[in-house]
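Trainee: Quick one, fold the following:
(chains A and B)
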Amino acid sequence: MKRIFLAILLSLGLTQAALAADTGLIFISLERGNQVVVLNPDLTVNTKIDTSRRPRDMHFNKDHTLLYVACGDDDTIDVIDVATLTDIDAIPTGPSPEMFQFSPDETQIFVSNEEDSVMEVIDIATKTVVDRVPTGAEPEGVINSVDGKYIFVTSEVADMVHVIDRSKAAVLKNIIVGTRPRRFVVTPDGAELWVSDELSSEIHVIDIATLTIKDDLTFVPPGFRAEDVTPVGMTITKDGSKILITLGRANNLAIVDAKTRQVLQYVLVGSRAWDVDLSRDEKTAYVTNGLSDDITIIDMESMTPIQSLSVGRTPHSIRVDD
Amino acid sequence: MRPCHLLPVLALLAFPVLGDVLKIGHLSLLKDPRYGQDWGYARLITPPPVITADAARMAVSDLQFTTDAVGLSVKLDTQAVTSADVVAAAQKMVAAGDDYLVLDLPADGVKSVADALKDQPVLLVNATSPEDSLRTACYPNMVHSGPSRRQEMDAFTQYLRSMNWTDVLILEGEHPDDAGLSDAFAASAERLRLSIVDRRPFTLANDPQNREGNNIRLLTGDIDYDVIFVADTRGEFGRFIPYASLLPRPVIGSIGLVAAPWHWAYERDGATQVSSRFDKLTGRKIQPADWDVWIAVKSIITSVMKVPQPYPPLVRGFMTSNKLKLDGSKGVTLNYRAWDGQLRQPILLGTSDAVIVVAPVQGFSHQTNTLDTLGTDEAEFACD
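Mentor: Okay, the predicted model is just below:
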């Protein structure tokens, strides 16, 4: 009897979880606020979820029932239940987790430990570290190749991209890029890896088949000097046609044609533009502005900013559940 | 026979290419008065002993992934000697193959090493002596990684301008370096048209016949001002000025709000990671001089990897071009100025436990590089 009851409870839970998808909620991690702010689709504040300290990178699981948040000062990846909007779990990591990715089958987390110079492989079910791959100092961006063979990790101090062979959990190749490489996007066809180099104001494009640099791009909005441009966050449309790049201190978002490498539009956003995400219909882009404590919402059709919104201390990452 | 023309050619042949060893020397004093722990008569509790060789080691280890990737092995040779042995030690290090010397020495030590080695194809990095006279000496084989006095003073005056604190009272100690510091501040103040309302010497004694010189209320009275600049390079009297002046005014300079290349409490631009790596490595808080040495070693290794031939004069040429894009975890790329070999860099203005502002202060612009609003600019610079 008890067991049946439990089964009913579980299935209820599952139904609820399934219903939680496509809420349209917007999640923003506040690096100094130790909270994830949740906005309703109409941009009113739904709730503020207390997390472990210094929440930064965030990712949904595939069915968007859970949101994982890397918390740098408590050395955990917190787990937020999207249906109840509560912090339900914390997966321990090495010191100062910053950016992370799930393995393609979602059984493992690949996380960069900024203060340990290691990329950890954590098994989600058992919450144990199964591998530690040493990297250059201050590892940051982590991303999978489309075929899942490689994990790419930047080292901000070593100025390189580590190509990690997933099957061996070992560095296969180091590719030297610009100064202070930060984040990645991989094109949906699996052919190109784009890397943002914060301090040398460059975007390096790496050919994944040959693991060599194929392009070196610079995007300088009118009225700025190259050294003002500190590119960090990037995202790509599902068809791979457009790449959105935040330009940091240049306070602009560059919307770039992925094929021609030409800028379609610079969009003025807030101070030190950091992370960027797109809504599922790709009609709206969201940018976090780390030094003005706000986000900017951009209409992708007209490529113009619609609204900026105060969210709290040092917004780091933004994810939309739709 | 003109050996001075032949020398570079011979040296080019003799110098190693990548795949070999890069030897970097680090020369410091056994007892550096600048890092003394018992300044003045009061046996102050000052920061832990500064041993900047720690910072040199951290730079080598920070870049090891990259040097390994290009097959460069970096050997660090650290020597600490008495001030009498500085020149002999430097010559010995160069003879032993250290092509790059990072100097953590007071100005007279830097000067004597530079004079002794000025015809050698080595690269000297003056890491910790701020004296502008070392910049105007224009040693052909030297660059300066720590900020010049003038860079630090310009950071102050930009901030005073932005706060509209335009009238400054200078209090100055008896050490010759104190006068040097006041001079540098006054020169910077002139550029930004601040007004020095008075410059008053402070003496460390209780002689009742010299009360105007040793009584803080008398010393800060009889005149109006917005801010007090204290020039006290030896830490003798400065700490008694805040909260003791006749008028309630902020104190800057050697105490109160202090200008420095680094602050352990700086938390933007990845600075926290540098400070906490240093903490972990040494068990002590990072000091500004540590950053000066760390960035010196980092700039040598970074540049050696980017030049076709690791020959020190070529490396210096690369460092002083815009091609060097050095990451000092201060938010912008750094490189060295062609005219005086000075590292362009932001300056932090901080109290004992917080960074109040980072110069260049917002609103100060420059026709080529905003960082050149700090320090002697090309047009006003002349070698001695």
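Trainee: How is the residue in the stretch 1-150 of chain B that chain A sits nearest to assigned, secondary-structure-wise?
Mentor: In the stretch 1-150 of chain B, no residue comes nearer to chain A than B:Phe65, which is 3.6 Å away by CB to the nearest CB. Heads up, the C-betas are built off the backbone N, CA and C, glycines and all. Three-state call for B:Phe65 (DSSP: H, G, I helix; E, B strand; the rest coil): helix.
Trainee: Contacts only, for the closest residue in space to it that isn't next to it in sequence.
Mentor: The spatially closest residue to B:Phe65, leaving aside those adjacent along the chain, is A:Gly136, at 3.6 Å (CB to CB, 6 or more residues apart in numbering or on different chains). Residues counted as contacts of A:Gly136 (CB atoms under 8 Å, 6 or more residues apart in numbering or on different chains) are A:117, A:155-160, A:162, A:174, B:65-66.
Trainee: go with 7 Å
Mentor: A:117, A:155, A:157-158, A:160, B:65-66 (CB atoms under 7 Å, 6 or more residues apart in numbering or on different chains).
Trainee: Give me the subset of those residues that lies in strands.
Mentor: A:155, A:160 (DSSP state E).
Trainee: Dump the contacts of A:Gly136 to JSON lines, plus neighbour count and pLDDT.
Mentor: Formatted as JSON lines, these follow (neighbours: other CB atoms under 10 Å in any protein chain shown; pLDDT from 0 to 100):
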{"residue": "A:Ser117", "neighbour count": "24", "pLDDT": "90"}
{"residue": "A:Ser155", "neighbour count": "26", "pLDDT": "94"}
{"residue": "A:Val157", "neighbour count": "27", "pLDDT": "91"}
{"residue": "A:Ala158", "neighbour count": "26", "pLDDT": "91"}
{"residue": "A:Met160", "neighbour count": "24", "pLDDT": "94"}
{"residue": "B:Phe65", "neighbour count": "22", "pLDDT": "87"}
{"residue": "B:Thr66", "neighbour count": "21", "pLDDT": "89"}
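Trainee: Looking at the contacts of A:Gly136, which is nearest A:Thr230?
Mentor: A:Val157 (16.0 Å; CB to CB).
Trainee: Isn't the closest one up against A:Thr135?
Mentor: No - using CB atoms under 7 Å as the test, A:Val157 is too far from A:Thr135 to be in contact (9.8 Å).
Trainee: Low-confidence stretches in the stretch 1-150 of chain A?
Mentor: Within the stretch 1-150 of chain A, the stretches with pLDDT under 70 are A:1-21.
Trainee: in it, which spans are helices?
Mentor: Assigned by DSSP state H, counting those that start in this stretch, the stretch 1-150 of chain A shows helices spanning A:2-19.
Trainee: Residues of the stretch 251-384 of chain B that sit close to chain A?
Mentor: Counting by CB under 7 Å from any CB of the partner chain, the stretch 251-384 of chain B comes close to chain A at B:270, B:273, B:276, B:325, B:327, B:332-333.
Trainee: Please identify which pair of these lies farthest apart.
Mentor: For these, and using CB to CB, no pair is farther apart than B:Ser276 and B:Lys325, which are 24.1 Å apart.
Trainee: quick one, which of those two is more surrounded?
Mentor: B:Lys325 (21 against 16; other CB atoms under 10 Å in any protein chain shown).
Trainee: contacting residues around A:Gly298?
Mentor: Actually, residue A:298 is Ile rather than Gly. A:253, A:267, A:284-285, A:287, A:304-306.
Trainee: Distance-wise, check A:Arg32 relative to B:Ile51.
Mentor: Between A:Arg32 and B:Ile51 the distance is 33 Å, computed by CB to CB, to the nearest Å.
Trainee: More neighbours: the two, which one.
Mentor: In terms of neighbours (other CB under 10 Å), B:Ile51 is the more surrounded of A:Arg32 and B:Ile51; the figures are 21 against 16.
Trainee: Let me see the confidence value for that one.
Mentor: The confidence metric pLDDT takes the value 89 at B:Ile51.
Trainee: Look up how far B:Val307 lies from it.
Mentor: Relative to B:Val307, and taking CB to CB, B:Ile51 is found at 30 Å.
Trainee: And A:Thr135, by the same measure?
Mentor: Counting by CB to CB - A:Thr135 and B:Val307 are separated by 26 Å.
Trainee: Have a look at these two and say which one is more surrounded.
Mentor: Taking neighbours as other CB under 10 Å, A:Thr135 and B:Val307 compare with A:Thr135 leading, 26 against 18.
Trainee: I'd say the more buried one and A:Val153 touch.
Mentor: Yes - assessed by CB under 7 Å, A:Thr135 is found in contact with A:Val153 at 5.5 Å.
Trainee: got the contact list for A:Val185?
Mentor: A:194, A:234-236, A:243.
Trainee: in the stretch 51-200 of chain B, which spans are helices?
Mentor: For the stretch 51-200 of chain B, helices defined by DSSP H, counting those that start in this stretch occupy the ranges B:53-62, B:64-70, B:86-95, B:107-116, B:132-136, B:149-163, B:176-191.
Trainee: Looking at the residues of the stretch 251-384 of chain B next to chain A, which is nearest A:Ser279?
Mentor: Using CB to CB, these come closest to A:Ser279 at B:Gly270, 30.5 Å.
Trainee: dump the residue contacts of B:Met319.
Mentor: B:143, B:299, B:303, B:335-336 are the contacts of B:Met319 under CB under 7 Å, 6+ apart.
Trainee: and the stretch 201-322 of chain A, which of its residues are near chain B?
Mentor: So far as CB under 7 Å from any CB goes, the stretch 201-322 of chain A lies against chain B at A:Glu227.
Trainee: Which single residue of the stretch 201-322 of chain A ends up nearest chain B?
Mentor: For the stretch 201-322 of chain A, CB to the nearest CB, closest residue to chain B: A:Glu227, 6.0 Å.
Trainee: quick one: that residue and B:Asn335 touch, right?
Mentor: No - here A:Glu227 does not reach B:Asn335: they are 10.1 Å apart, not a contact under CB under 7 Å.
Trainee: Neighbours of residue 247, how many?
Mentor: Picking chain A for this. 27.
Trainee: that answer is for a different chain, and I need it for chain B
Mentor: 13.
Trainee: got it, and the one 4 residues further on?
Mentor: A total of 22 residues lie near B:Val251 under the criterion other CB under 10 Å.
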